[in-house]
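Engineer: model this:
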Amino acid sequence: MAGPDAPEAGWKAFTENVVGSGRLELDPAGIEQCIKLCQEHAELMADLADSARQKLRATNLGIGELDIDSAKELVRKFDEKAVGGDDIEFANTAVGLFGAHQAYAKDMKSMFEAVLARYNEQDSAIAANLGSAGARL
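Structural biologist: Below you'll find the model as predicted:
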C-alpha cells in the first residue's frame, strides 16, 4: 500500500522527525517492548494465516455447485480469494495478507533488534572511553 496512510509513511515521518531534530533519544526498555510486540504480532499473523487456510476454504457452500457451473465457478473464486489460486494474486488473498503482515512485523522486529544492538555497542564504547578518561584524571 502506498500513500500518506501507508504504514511506511508513518515510519518515514518518524525517521524524518528524529533526523531533522538533530537529537535521538532511545529508551532501551521501550525498544525491547517493541521487539516483543513485533514478535507477538508476527506469531498472531501466522496463526491467522493458518486459520484462514483451514477455515476459509470454500469447497461446499450448498449453492448448487455440484450441478450448476456458475455456482461451481463462484465457489472456486471464494476459495481462491481465501487461500490463493489461478485467478487471484496470492497477495490479494486472506492468507497472503496475513503473511504480508507477518513479514512486516518480522522486518520491524529485526530493525528494532539492530537499533538496540547498535545502541548497546555505542553505550559500551562511551562507557569504556569515559572509564579510561576517568582513570587518567
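Engineer: look at N60 and tell me its secondary structure.
Structural biologist: The three-state assignment at N60 reads coil, by DSSP: H, G, I helix; E, B strand; the rest coil.
Engineer: burial measure for it, as a count.
Structural biologist: When neighbours are defined as other CB atoms under 10 Å, N60 has 9 of them. Bear in mind the C-beta positions are built from the backbone N, C-alpha and C, glycine included.
Engineer: find the nearest non-adjacent residue to it, please.
Structural biologist: V75 (7.4 Å; CB to CB, 6 or more residues apart in numbering).
Engineer: now the longest helix out of those in the chain: average pLDDT?
Structural biologist: The longest helix of the chain (DSSP state H) is helix 94-136. Mean pLDDT, computed over helix 94-136, is 88.
Engineer: mind listing what's buried in stretch 88-103?
Structural biologist: The neighbour-count check on stretch 88-103 (16 or more other CB atoms under 10 Å) flags I88, T93, A94, V95, G96, L97, F98, G99, H101, Q102 as buried.
Engineer: before we move on, back to that, which other helices and strands does the helix or strand hosting the residue nearest to N60 contact?
Structural biologist: Per DSSP states H and E, V75 falls inside helix 69-83. Here helix 69-83 touches helix 28-55, helix 94-136, going by 3 or more CB pairs under 8 Å, 6 or more residues apart in numbering; DSSP states H and E.
Engineer: of all the ones you listed, which lies closest to S70?
Structural biologist: S70 lies closest to helix 94-136 among these, at 23.2 Å (CB to CB).
Engineer: the closest one - contacts with which helices or strands?
Structural biologist: When contacts are defined as 3+ CB pairs under 8 Å, 6+ apart, helix 94-136 packs onto helix 28-55, helix 69-83.
Engineer: just give me the lowest mean pLDDT stretch among those.
Structural biologist: Note on those: lowest mean pLDDT is at helix 69-83, with a mean of 85.
Engineer: ok, residues contacting that one?
Structural biologist: With contacts defined as CB atoms under 8 Å, 6 or more residues apart in numbering, helix 69-83 is touched by 52-53, 56-61, 63-66, 85-88, 92-95.
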